[in-house]
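Enquirer: With the sequence up front, the predicted model follows.
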Amino acid sequence: MSDSTWTWMSGSNILNHRGVFDMDKKGVPSVDFMPSARRGAVGWYDDNTKEIWLFSGDALYTSGM
């Protein structure tokens with residue numbers, strides 16, 4: 001990313017998205033499941049390793065997902 005351009009890779013782009021889960025299938029991976037929107041996320045760029053580190057923050061919704 002030498003030109004500082006970002007690319008949307010995947011996931012919802014809906015503000016305050018509630019997420020998609022099936023609690024009956026807890027622990028079973030699925031491409032249909034998606035975490036809810038987050039707040040307070042933090043990240044940084046490590047110039048030594050050329051890596052971006054992102055941490056998810058708090059879930060906006062903790063029930064009714």
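Expert: Nice, I can see it.

Enquirer: which regions of the chain sit below the pLDDT cut-off?
Expert: 1-3, 61-65 (pLDDT under 70).

Enquirer: Please, where are all the strands along it?
Expert: For the chain, applying DSSP state E gives strands covering 38-39, 42-46, 51-55, 58-59.

Enquirer: and for the last one, what are the contacting residues?
Expert: Which is strand 58-59. 19, 35-40 (CB atoms under 8 Å, 6 or more residues apart in numbering). Placement of C-beta: from N, CA and C, glycine included.

Enquirer: Strand partners (parallel or antiparallel) of it?
Expert: strand 38-39 (antiparallel) (DSSP bridges).

Enquirer: Can you give me the neighbour number for Met34?
Expert: Neighbours of Met34 under the rule other CB atoms under 10 Å: 16.

Enquirer: what separates it from Lys50, distance-wise?
Expert: 28 Å (CB to CB, to the nearest Å).

Enquirer: How about Ile14?
Expert: Distance from Ile14 to Lys50, by CB to CB: 31 Å.

Enquirer: and if you look at Asp58?
Expert: 28 Å.

Enquirer: Then Arg39?
Expert: 28 Å.

Enquirer: phi, psi of Asn48?
Expert: phi -70, psi -40 (degrees, to the nearest 10).

Enquirer: I appreciate the help and will end here.
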